[in-house]
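**Q** I'd like to go over a predicted model; first the sequence, then the structure.
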Amino acid sequence: WAHTPTECLIVMPHYCVAFGCRNKQGQCSYGFHRFPRDEFRRRRWEAAVRREGWLATEYSRICGAHFVTGKPSNDPTHVDYVPSLFAFTPSLQKKSLQKRAQKHKDVSEMKRRRLEAQNRSPHCDEVSPEFIRVCDSQDAITSDDVVAQLRSTDQEITHLSPEAELSLLREKLANEQQKRIEAESQVTQLQKELDDTKQRLQRAESQVDVLQKKVHDLERLKRPDLTQNSLKDNPKMVQFYTGLPSFATLMIVFNLALNTLPSVRTHGNRKLSNFTEFLLTLIKLRLDLRNKDLSYRFGVSESFVSLTVHKWLNILYTSLRFLIHWPSREEVRATLPECFRPKFLNAVVIIDCTEVFIERASNLLARSQTWSTYKSHNTIKYLIGVTPQGSISFVSKAWGGRVSDKVLTQECDILNKLLPGDLVLADRGFNIFELVTEFQAQAKLPAFTKGKAQLPVKEIKESRELAHVRIHVERLIGMVKQKYSILEGVMPISFIKHDSECDVSVADKVMVICCALVNICESIVPKD
């Protein structure tokens, strides 16, 4: 191939190999430099470039923009011995590199002037040792100060004799040593002040600890303990934590429970007294607190709370279930409220159903049986019977929330308690006329509008009168749930399992205990 001499002289321009650098040889003011031939130094340059898997060749070039002084240095102590300025270099690091380069330059300048002074003076042997001690002493002055002094006194030194020059340097050395002594005294004074400050800080921290302990003790004293003595003179606290009207009522319930309390050997290291365990259980029913919360309040473990609650639920169920009493017909009529006498003289019970939320069961059949379409949740359902006087006289066992009111009424034992001529008041959902008739009793329900354009005036009046007295069962059920929040929460699925000893689930025990405690309170039905 034929090439002209001009074509043979064409050289391809070099680009900088540094990451993020766009400098091109001939189009910038920086020089371009080859990578070192020394193996170790070339590897350091390649590592500084930070290009993964890249190795330099003989054609690789790096521009002066990546050196602090604009070009590499062959001095291993110089900052430009390896390129250090790149796009990824932090600004603070760049400033530090510039200071190092300037310091290296100043030291080099100092050494150069020292050599020049030695060469100019014929008595350099007398001056050099002193001068060297002044320059190299780190306690006297820094290299920057020496350079500044040499620059400022350069003209004076060149016109002085060696003796005058030595005298001048000794005087300056004495001044710097005096300054060093003063600085050391200041440092000593500051160190003493720092030690005093540390001691004051330690005393302050100890005082803070003492004050915090006092505040903790005051808060503990301010917060009343949940004990028998703290509840004795505080009826509001009794109502809040137990739902009972007074401390006297609370002690009556406690004494009833003590009569059925199993005889257990009392250990000397017993954590809680009988009354405190009894109170813990009532608080669990009343406020539906978590076991961990109760463990913090009473200073016991979470497992101890669980065992205590289950133990006292059994005790309270055994001792209080007699309070849910089905009265005789004579007892009901003798104390029948005035609002029942005109139209419902034979009424013995008002029935209604209530549901309690439970956790979703893992078993699909159980999950289906407990699903309540009305509540859109898994529930258990109870049938509650209330006397005209406003006391709960019947509580059924728990059934799945899917069961109808009629089936629940038929399967529970309430129909067997009816006598001929008794009157049962219920809501529209209880289609129990045939069931009650089998026991020669009567059922009174609000009138239905199904298949009728409008109810007759007589039926409307009777429905209003029935609703006026039947509302008491709804109010009483609402009172039970309002007093004992455990019935408004979500019961764990373990509460539904029946106890092997008495065939009663924990949920049934809870419902019976709550209803019995409400029966102790004042009735919501007015007597007159």
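**A** Right, received. Where do you want to start?

**Q** for the rest of this, base every contact and every neighbour count on C-alpha atoms.
**A** OK.

**Q** let me know the pLDDT of the closest residue to residue 62 other than its chain neighbours.
**A** Leaving aside its sequence neighbours, residue 62 sits nearest to residue 16 (CA to CA, 6 or more residues apart in numbering; 4.6 Å). We have a pLDDT of 92 for residue 16.

**Q** is residue 381 in a helix, a strand, or coil?
**A** strand (DSSP: H, G, I helix; E, B strand; the rest coil).

**Q** and for it, the neighbour number?
**A** The tally of other residues near residue 381 (other CA atoms under 10 Å) stands at 23.

**Q** kindly state the beta-bridge partners for it.
**A** Per DSSP bridges, the residues bridged to residue 381 are residue 355, residue 399.

**Q** that one reaches residue 401, doesn't it?
**A** Yes. The criterion here is CA atoms under 8 Å, and residue 381 meets it with residue 401 at 5.1 Å.

**Q** quick check: neighbours shared by the two?
**A** Listed as contacting both residue 381 and residue 401 by CA atoms under 8 Å, 6 or more residues apart in numbering are residue 355.

**Q** buried ones in stretch 373-380?
**A** 377-380 (16 or more other CA atoms under 10 Å).

**Q** of those residues, which is the nearest to residue 488?
**A** Residue 488 lies nearest to residue 379 out of the buried residues of stretch 373-380, by CA to CA, at 11.1 Å.

**Q** who does the residue nearest to residue 62 form a beta bridge with?
**A** Beta-bridge partners, per DSSP bridges, of residue 16: residue 61.

**Q** pretty sure it sits against residue 65.
**A** No. Counting by CA under 8 Å, residue 16 does not reach residue 65; the two are 9.5 Å apart.

**Q** residue 37 in helix, strand or coil?
**A** Taking three-state DSSP, the label given to residue 37 is coil.

**Q** on that earlier part again, what is the burial count for the residue nearest to residue 62?
**A** 20.

**Q** use 825 as the first number for this chain going forward.
**A** Shifting the count to begin at 825 puts that one at residue 840.

**Q** contact partners for it?
**A** Applying CA under 8 Å, 6+ apart, the residues near residue 840 are 846-849, 856, 884-887.

**Q** ok, it to residue 1282 distance?
**A** 105 Å (CA to CA, to the nearest Å).

**Q** do residue 1099 as well
**A** The separation that residue 1099 has from residue 1282, given CA to CA, amounts to 56 Å.

**Q** in terms of neighbours, single out the busier of the two.
**A** For residue 1099 versus residue 1282, the count of surrounding residues by other CA under 10 Å is larger for residue 1099: 16 against 9.

**Q** tell me the helix or strand right after the host helix or strand of that one.
**A** Assessed by DSSP states H and E, residue 1099 sits inside helix 1098-1111. Going down the chain from helix 1098-1111, the next helix or strand is helix 1115-1122, by DSSP H and E.

**Q** average pLDDT across that next one?
**A** 90.

**Q** just the buried residues of that helix, please?
**A** Buried, per 16+ other CA under 10 Å, within helix 1115-1122: 1115, 1118-1119, 1122.

**Q** mind picking the two most distant members of the residues you listed?
**A** 1115 and 1122 (10.5 Å).

**Q** who's in contact with residue 1285?
**A** Contacts of residue 1285 (CA under 8 Å, 6+ apart): none.

**Q** now the nearest residue to residue 928 once chain neighbours are set aside: phi and psi?
**A** Closest residue in space to residue 928, ignoring its immediate chain neighbours: residue 902 at 6.8 Å, by CA to CA, 6+ apart. The phi/psi pair for residue 902 (degrees, to the nearest 10) reads phi -80, psi 150.

**Q** do you know how far residue 902 is from residue 869?
**A** 14 Å.

**Q** and those two? Which one has more around it.
**A** residue 869 (19 against 15).
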